[in-house]
Structures are given as C-alpha cells and as structure tokens.
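Visitor: Attaching a predicted model along with its sequence, questions to come.
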Amino acid sequence: MPPRADWIFAFRTTVVGLLALAIAYALGLEQPQWAMMTVYIVSQPVAGMVLAKGLFRLAGTLIGALASVAMVKLTGSEHLFFLGLLAAWIGLCTFVASTLRNPEAYGAVLAGYTAAIIGLPAFDNPHLVNELAIARCIEIMLGIVCAGLASRFLLPQLARDVLVERAGASLRDIARYGAGAIGGTAKAELDARYQRLIVDIEALAGMRAYARLEAPSLVTHGRMARHTIGHMLSAISAVHTLLAHASAPDSSWRPLLNRIKTMLEGIAQGDWLTQDVRPWLRQIEEFCREAEAMRGAPLQPHEDRAAAAARITLLIEFLTAIRQVLEGLAALRLRAPDPPGQWKLPALAIDRDYEVAAVNAIRAAIATTIVTAYWIATRWADLAGAAVMVAVMSSLFATMPNPLRSAWDFLKGTAYSVPFAFLVGQLMLPHLPGLPWLLALIGLVLLPAALGMANPRFTPIATAFAINFLLFLNPRQPMVAEPWLFLNAAIAVLGGGLLSLAVFAVVLPRRPQSVVERVVEAFRADLTRLCLHERLPKPSAFESLAYDRINQLMAPLERVGSKGQYVLDGSLAAVTMGLEILRLRRFLREGQIEPDHAAAVSEMLVRLARLLAIRIPHAKLLRDMIGSLRELAAEIVKETSPNAHLQAAASLRVIALALEDHPLYF
C-alpha cells in the first residue's frame, strides 16, 4: 500500500493538472493539454523541487521560444540553414546542460528542445511563429503557476523539512561510522558505511538548492546547509584517514577514545529534529582540549611518535567537524536568520567534464539533424512529432548516468500510454461530449500515473506515461474520432523514440569503462596538481570535488564487473592521499618544516607528481617511490622533532601505504 505522502502527491498533482486544463480551456488556449502536461512534468514530492524545476523550465522555455523565433525569421525558406541552426542550438544547449546540475541543467535542456517544439511546426508558416511561441509560453506558465502554488500551499512537503530530516539521519550515520572506526568494526563494514555516506551527503547537496527557493526568508538556509554538508564531508574524510593511521598501538589514548565512542553512540541515537545540541558541543570541546593536551604527553616505549601525532590531529579535526555539523543542523532546525559571523563556509565544488559534454552535444546534434533532414525531405506532417521526440530524448537523457536505460524507460512509458489514449480519446470521449466527461476520464487514467510518479522505482515510466497520454489524447472540444490520424502520430512519436535509442547505442555511446577511466585520470591529474601548483585549494573544495566524482562512479561501477571494487577503493584512497598532500604543502608554505627536510619533502612531491603523470603502471618506479617515502619519513622523525615534523612523517607514510595497497590504480 503506498504511504500517505504518495497519495497526497498523487491527488494534488491530478487535481491541479485538471484545474490547469480547465483554466486553459476557459482562456481559449490553442493546445490546453500543454498546461496539464507542464503540471505533471514539474510536479515533485517536495515543494522546493517543484519551484526549482518550474522556474528553470520557464526560463528555458522563454529562451527556447526566442531562439525558435530568431531561427525561423532568419532562415526564411532556407531549409538546410534552418536544419543546421536547430541542430547547433540543441547541441549547444545539451553541452551547457552537461556541465551543470539540477535544476540549472534542466533549464538548458528545455531551451534546446523548446526551439524544436515551436520551430518545427512554424517552419513552413513563418508568419505563425510569434503566435506559436506566445501560446506555448502562456500554456507552460499556467501549468508552472498552478503546480508551484499547489505544492507550496496545499499540504506541502517542504524541502527545508526534508533537508533537516536527512541531515539528521546523515549525522547519525556519521556518528555510527566514527564509533565503528574507534571500536574496531571490520574494515569491509566500515567501507560500506563510508560509501553510503558519500551518496547520502551528495544527495543533501542537491536538496540544498531547493530549500532556498521556497521563500525569500530561506535563502540563508542555503548557506547553513552548505556549512553543514561541507563539514559532514570533512568528518567522514577525517575518519577514513584516521583508519589509515590506525596500524600502530594506541594504548596511551584508548581511555579518551572509549569516551568519544560513547559520545558518538549517543549522537547516533539522537532525534535531531528536537534534541538540544549544547550538551554535545560541551563534550566535544572537552575532548578537543584533552586531545590537545596529549600532544606533548610522554608515550609508551613501543608507541610510534609520528603516528600518534597524526592520529591526535585527525581526531581533533573529526571532533571539530562534528561540532560544526551539530551547530549547522541546529541553525537549520531553528530557522536562524543568518549563519553566525564566525562561520567560514566550506567550498563545495562539482566535477565538470567538458569532453563528455562535447560528446553529448555532438550526439544530440546528429540525432536532430537525421530526423529533421528526413522530415524536410518527405514532408510527412506527423514526422514533426518524431523530430520533437528525438530532440527531447537526445538532450534530456544525455546527462543521465545511464542514458540508454533512461531513454528506454521513457519509451516504455510512452508505449504504455498509446492504448489508454486511444481508448479514451477515440472510443469514449467522442460519445461522451462535454468538459466534465473529459476531466473525469483524464483524471481516472492519470491518478494512478501520479501515484507511480511518487515511487522512485516507477517515476521515469509513470512520468512518460502521463505526459504522452496527454500528447496522444490531444484534448479539445468537441472530441472527434480520427483513428488513422491518431495511429500516424503514435507511430511517428514511437519511431522517434526508437531512433533516439539507436543514437544512444551507436553514436558515440557512453561506455561504463570509459567513464571509469576518465574519473581515474581526473583523480591522478588532481593529485599531480596538488603536488606541483603554487595555488592550493581549500581542503573542503578538494573533498567536495573528489566525493562528487566518486558519487558519479557508483552507477557505472556496477556495470564493469570485478574491476569496479578496486577502482572504488583506489578512488577513496586518492581522497586520503590528496588530503595528506595538502597537509604537507601547508606545512611547507607556513615554514613549519626545517629547510633541509622541507627541500627533501618538496623534491619527494615532485617525484610523486612524475609517477602519477605516467599513464602506464611501472612497478619498479612505484616500489622505489614507496621506499623513498618511508625513508624520508624515518629521517625527519627525531626525539626532539616538533609536532609538524611528526605529522609530516605520518603523512608520507600514509601516501606510501596508499601507493602500496593500490598499485594498479596509481
């Protein structure tokens, strides 16, 4: 049985869609189904997501409409010129969308295929292009306004509330992860928790954009969410790196660790929708003071001074990150007017792959060129529907992790809608005239579709079903049975969908292996830059970019077989290595390492960069590098070494360990 929230979403979407359709009829709009289609396209369970999708759909529609008017006016009767301009425009919009993330990417995609939706029907009738553009914009604006108002004021589920709830769940998971690392939980289980946390926190980053759109007063929530998410990434990085330093005995600080573990277990049990964070903040401050005091404390004879210094630093970094997460979560929950002035917001970066974006653009342009050229040559009227379908699918799904699978799901939903649209539009409505019957039958079909849209498992197919049911139905008053026209239109649209599938499968296909190799090369290039470049990024910027890449790896890694696990493990090790390189570079920049040792560390980083720049694995060079790193670490550790020297030695050891454990990756 679907949960209550799904039923609310389904009834709200269906009722509002029917209302938009009725208003469109009352206003005498040319194609009123576009108003209801827009409601189903932009409807999401969370209000902020509806507002974001609607806002960028409106922007994309307006830009696409202006582009279509310009192209039609500019080309006149020059068929090939129009074809080239349209293909280039869709390719450009697909390129831009591929470098952005939701919801901005959606606006870029809309700008592309809206030009096809308006420009193709107006191509032979350029005097109608202004009228068509204005009509489409009004119909779509009507749907956006109806969906946005309903999602915000009719039993709303607010992105702010979802953000706080999910952030609290992520905090509990981080606390369990930290407690497990301290308590000696098996490495395989810790690695699985780490990977889940990456996915969950990256999803939180997406929800952050939606909360800001729900009301002007919530703009500060975006900054507070950024604060919270950035420090969540720092917390899991600190724990993961701490595990790399955990091989040495730790008897001197075991009592402190046990108390921290107890505190983390308490945080993992907390209800962060209501719980006061102040007692936890006081405990964390106390533990940080105790850890600082341990820096100069005498160690047991068998204990490793460098490893101990590194672990204390990482523990303090972890506790500090947890404190920042608690403060950010409290501010989000209490709707504080603005982040405290002392907060330094972490940088949140995303991966932009311009090579993949160019491939997506070329593929979309080729697909559009093929079908529009055939349409211009044959002048089959219904082929315009196929051209629009190709433009939509080749641009919309190009940015998906698995474009072929996404396009196939969309085509299935489209095919499922054909018999229902035929039954309602060709067999029933011609004999049941009047707007009430039209609204009743449409609502009867689309209510289950909206219920399916609320379930992530069925969202792609159910959304395609709802949109294309209205497209094939083409509601108007009075409804007339025209089965041959209906079948022609259905065949053209389904044919366009099949052509899009063929294009994704044949024209520059996205292979999981190539995606994996690209991300691995990007990590190696990042590590090389960290070793050599004068300008250092913030650790939070490196972390967020690295975790964004790893999140993108999850889907293709499932399809590359046994190689996937070693790539994932190597990528996680690359995050740890990058943070240790940044630590070394910071010590060098701040002059915390003696000149002789500083020169040796700098030379070692240059050697590491050269090794990472070699694309073909070289076993001897790798062994020599690992040995040199460990020798240098041993050399700079002395009885009187300052804390920075001890931490630098530990960082060199961790880098050597990463290279040793993942030779095929590095």
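Guide: Yep, it's here.

Visitor: Can you pull the domain assignment for the protein?
Guide: Using automatic domain parsing, the domains assigned to the chain come out as 4-157+351-506, 159-334, 512-661.

Visitor: right, so those domains: which one is the most enclosed?
Guide: Among the domains of the chain, the stretch with the highest mean neighbour count (mean count of other C-beta atoms under 10 Å) is domain 4-157+351-506, at a mean of 20. Quick note: C-beta positions are derived from backbone N, CA and C, even for glycine.

Visitor: May I have the distance across that one, first residue to last?
Guide: Chord length of domain 4-157+351-506, first to last residue, is 43 Å (C-alpha to C-alpha, to the nearest Å).

Visitor: pLDDT (mean, whole number) over it?
Guide: What domain 4-157+351-506 shows for mean pLDDT is 89.

Visitor: now it, how far from the chain's geometric center?
Guide: For domain 4-157+351-506, the separation from the chain centroid amounts to 23 Å (computed by C-alpha atoms, centre = their mean, to the nearest Å).

Visitor: Residue 168 and residue 332: what is the separation?
Guide: 9 Å (C-beta to C-beta, to the nearest Å).

Visitor: brain fart, residue 122
Guide: Taking C-beta to C-beta, one finds residue 122 at 48 Å from residue 332.

Visitor: Please apply the same query to residue 11.
Guide: 30 Å.

Visitor: Same check on residue 451?
Guide: 31 Å.

Visitor: just residue 234 next, same as before
Guide: Taking C-beta to C-beta, one finds residue 234 at 17 Å from residue 332.

Visitor: where do the helices sit along the stretch 151-300 of the chain?
Guide: Under the criterion DSSP state H, counting those that start in this stretch, the stretch 151-300 of the chain carries helices at the ranges 159-183, 187-211, 219-244, 254-268, 278-293.

Visitor: now the angle between helix 159-183 and the longest one, please.
Guide: Right, helix 219-244. Put simply, helix 219-244 runs at 10 degrees to helix 159-183, going by axes from the mean of the first three to the mean of the last three C-alpha atoms, to 10 degrees.

Visitor: which other helices and strands contact helix 219-244?
Guide: helix 159-183, helix 187-211, helix 305-334, helix 539-557, helix 563-589, helix 643-661 (3 or more C-beta pairs under 8 Å, 6 or more residues apart in numbering; DSSP states H and E).

Visitor: Which one of the ones you listed lies nearest to residue 105?
Guide: Closest to residue 105 of those is helix 187-211 (C-beta to C-beta; 11.3 Å).

Visitor: from the middle of its chain, how far away would that closest one be?
Guide: Worked out by C-alpha atoms, centre = their mean, helix 187-211 lies 11 Å from the chain centre.

Visitor: any idea of the mean pLDDT in that helix?
Guide: Mean predicted lDDT for helix 187-211 stands at 84.

Visitor: Tell me the pLDDT of residue 512.
Guide: At residue 512, pLDDT is 81.

Visitor: Spit out the contact partners of it.
Guide: Residue 512 sits next to 556-557, 559-560 when contact means C-beta atoms under 8 Å, 6 or more residues apart in numbering.

Visitor: Could you identify the most distant pair in those?
Guide: 557 and 559 (7.4 Å).

Visitor: Run through who's touching stretch 308-325.
Guide: Contacts of stretch 308-325 (C-beta under 8 Å, 6+ apart): 171, 174-175, 178, 227-228, 231-232, 234-235, 238-239, 241-242, 245-246, 248, 250, 252-253, 257, 260, 267, 281, 284-285, 287-288, 291-292, 294-295, 299, 643, 646-647, 650-651, 654.

Visitor: Hmm, residue 40 is touching residue 450, no?
Guide: Yes. If you go by C-beta atoms under 8 Å, residue 40 and residue 450 touch, sitting 7.3 Å apart.

Visitor: tell me, what's touching these two both at once?
Guide: Shared contacts of residue 40 and residue 450, counting by C-beta under 8 Å, 6+ apart, come down to 13, 466.

Visitor: Would you mind putting the helices of the stretch 151-300 of the chain into JSON lines with distance to residue 137 alongside?
Guide: Output for the helices of the stretch 151-300 of the chain, formatted as JSON lines (distance: least, C-beta to C-beta, whole Å):
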{"stretch": "helix 159-183", "distance to residue 137": "27"}
{"stretch": "helix 187-211", "distance to residue 137": "24"}
{"stretch": "helix 219-244", "distance to residue 137": "27"}
{"stretch": "helix 254-268", "distance to residue 137": "51"}
{"stretch": "helix 278-293", "distance to residue 137": "51"}
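
Visitor: rank those helices by pLDDT, which is bottom?
Guide: Minimum mean pLDDT among these: helix 219-244, a mean of 79.

Visitor: quick one: that one to chain centroid distance?
Guide: So, by C-alpha atoms, centre = their mean, the centroid of helix 219-244 is 16 Å from its chain's centroid.

Visitor: orientation of that helix relative to helix 563-589 in degrees?
Guide: Going by the same axes, to 10 degrees, helix 219-244 makes 100 degrees with helix 563-589.

Visitor: now the angle from helix 219-244 to helix 539-557?
Guide: Using the same axes, to 10 degrees: helix 219-244 against helix 539-557 is 80 degrees.

Visitor: show me the contacts for residue 34.
Guide: By C-beta under 8 Å, 6+ apart, the contact set of residue 34 is 24, 136, 139-140, 143.

Visitor: could I get these as JSON lines with secondary structure and distance to residue 483?
Guide: Shown next, in JSON lines, are these (DSSP: H, G, I helix; E, B strand; the rest coil; distance: C-beta to C-beta, whole Å):
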{"residue": "24", "secondary structure": "helix", "distance to residue 483": "25"}
{"residue": "136", "secondary structure": "helix", "distance to residue 483": "27"}
{"residue": "139", "secondary structure": "helix", "distance to residue 483": "26"}
{"residue": "140", "secondary structure": "helix", "distance to residue 483": "29"}
{"residue": "143", "secondary structure": "helix", "distance to residue 483": "28"}
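
Visitor: Can you name the two of the residues you listed that sit furthest apart?
Guide: That would be 24 and 136, which, of the contacts of residue 34, are the farthest apart (C-beta to C-beta) at 11.9 Å.

Visitor: that older thread, among the helices of the stretch 151-300 of the chain, which comes closest to residue 71?
Guide: helix 187-211 (31.3 Å).

Visitor: any idea of the angle that closest one forms with helix 539-557?
Guide: 110 degrees.

Visitor: Name the nearest residue to residue 189, ignoring sequence neighbours.
Guide: Excluding the flanking residues, the one nearest residue 189 by C-beta to C-beta, 6 or more residues apart in numbering is residue 180, at 6.9 Å.

Visitor: so how far is residue 265 from that neighbour?
Guide: Distance from residue 180 to residue 265, by C-beta to C-beta: 10 Å.
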